[in-house]
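1. sharing a model prediction with you, sequence too.
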Amino acid sequence: MIRSELIQKISEENPHLFQRDVERIVNTIFEEIIEAMARGDRVELRGFGAFSVKQRDARVGRNPRTGESVEVEEKAVPFFKAGKLLRDRLNGKEGTED
């Protein structure tokens, strides 16, 4: 599912809301998650999962085309850990949040 499909689905399920308002809400949610992660904060959506930032150390990598060694700088990468409810649904269990 892409962002526009999510907006369309929410709009269809909430006919009392204008699509432009749903789009603004969805964009605001994503922007807030991005801003929180950029600050190094963890974002937890109960039952769905948690987004956090992990640091990858600098290392020596290889250029796959030439085989040449290259220095790869330290960098921050996004990390997602699925919540229990999401894991249970993916594995065919109904699962309830305790």
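-> Noted; the coordinates are in hand.
2. for stretch 54-72, measure first residue to last.
-> End-to-end distance for stretch 54-72: 16 Å, by Cα to Cα, to the nearest Å.
3. any idea of the mean pLDDT in that stretch?
-> Stretch 54-72 carries an average pLDDT of 95.
4. hmm, who's touching that stretch?
-> Glu73, Glu74, Lys75, Ala76, Val77, Phe79 (Cβ atoms under 8 Å, 6 or more residues apart in numbering). Heads up, the C-betas are built off the backbone N, CA and C, glycines and all.
5. quick one, what contacts the second one?
-> Taking Cβ under 8 Å, 6+ apart as the definition of contact, the neighbours of Glu74 are Gln55, Arg56, Asp57, Ala58.
6. pick the one among these closest to Arg46.
-> Arg46 lies nearest to Gln55 out of the contacts of Glu74, by Cβ to Cβ, at 25.8 Å.
7. so which strand or helix has that closest one?
-> Using DSSP states H and E, Gln55 sits within strand 49-56.
8. tell me the helix or strand right after that strand.
-> Toward the C-terminus, strand 49-56 is succeeded by strand 59-62 as the next helix or strand (DSSP H and E).
9. so what are the sheet partners of that following strand and their directions?
-> strand 69-72 (antiparallel) (DSSP bridges).
10. after the partner strand, next one along is what?
-> Next in sequence after strand 69-72, counting helices and strands by DSSP H and E, comes strand 75-82.
11. what pLDDT does Asp98 get?
-> 49.
12. where's Asp57 relative to Met37, distance?
-> 19 Å (Cβ to Cβ, to the nearest Å).
13. next: Glu5.
-> Distance of Glu5 to Met37, given as Cβ to Cβ: 23 Å.
14. and these two? Which one has more around it.
-> Met37 (17 against 9; other Cβ atoms under 10 Å).
15. contacts for the strand or helix carrying the more buried one, please.
-> Using DSSP H and E, Met37 sits within helix 19-38. Helix 19-38 is contacted by residues 3, 6-8, 10-11, 14, 42-43, 51-53, 78 when judged by Cβ under 8 Å, 6+ apart.
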